[in-house]
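[1] coordinates only, sequence not included:
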Ligand SMILES: NC(=O)N[C@@H](O)C(=O)O
Ligand code: NI
């Protein structure tokens with residue numbers, strides 16, 4: 001029987017085993033620019049093996065719900081951050097690892113202003129915008145060698161609200 005995944009709101013606590021949630025929330029770490037700018041300092045753990053951090057721009061096609069989750073992937077050599085260039089929500093899918101196999105996938109939906117950073121090696125769904133244009137800045141590893149492992153599920157999950 002097809003397993004269904006109910007989408008839940010993204011929170012830093014719930015996402016903590018998988019990565020970081022970045023947002024201008026709570027008390028700023030410092031006020032800068034003559035007090036005109038709140039700096040929420042160093043909110044993601046960027047972690048790269050033998051490579052450099054790079055910033056790319058992704059323009060992804062939107063997906064609609066319910067969504068079939070056929071595959072998750074991971075980057076063994078580096079973290080990967082999705083920073084939306086809009087206030088639109090997007091879908092964030094992660095899964096735990098069981099001896100190299102992704103299990104128990106979870107689906108989150110972001111609130112406006114939230115960005116995420118998958119920790120190195122975290123199983124995740126690919127960039128999944130829910131609105132057009134799906135514009136994102138992506139911070140991930142630029143370097144030689146393989147940094148992508150995909151896992152295609154025997155049976156898709158269905159993600160919905
Ligand atoms: N492949 C690529 O650049 N993007 C994926 O890693 C992704 O998570 O969207
Ligand atoms: Ni990825």
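    Received it, and whenever you're ready, just let me know what you need. Because the structure is a prediction, the values reported are computed rather than measured. Numbering: from 1, shown residues only. Ligands and ions are numbered 1, 2, ... in the order given.

[2] need the residues of the protein near ligand 1, please.
    Within the chain, the positions adjacent to ligand 1 are 73, 80, 124, 126, 127 by C-beta under 6 Å from any ligand atom. For every residue, glycine as well, the C-beta is placed using N, CA and C.

[3] Looking at the longest strand seen in the chain now, give me its mean pLDDT.
    Ordering each strand of the chain by length in residues (DSSP state E) puts strand 149-160 first. Averaging pLDDT along strand 149-160 yields 98.

[4] Contacts for it, please.
    With contact meaning C-beta atoms under 8 Å, 6 or more residues apart in numbering, strand 149-160 is reached by 2-7, 65-76, 91, 93, 101-102, 105, 107, 123.

[5] hang on, residue 14 is in a strand, isn't it?
    No - membership of residue 14 in a strand is not supported by DSSP: H, G, I helix; E, B strand; the rest coil, which gives helix.

[6] Show the pLDDT at it.
    According to the prediction, residue 14 has pLDDT 98.

[7] Make sure it is actually in contact with residue 116.
    No - using C-beta atoms under 8 Å, residue 14 makes no contact with residue 116, being 11.5 Å away.

[8] Thanks a lot, catch you later.
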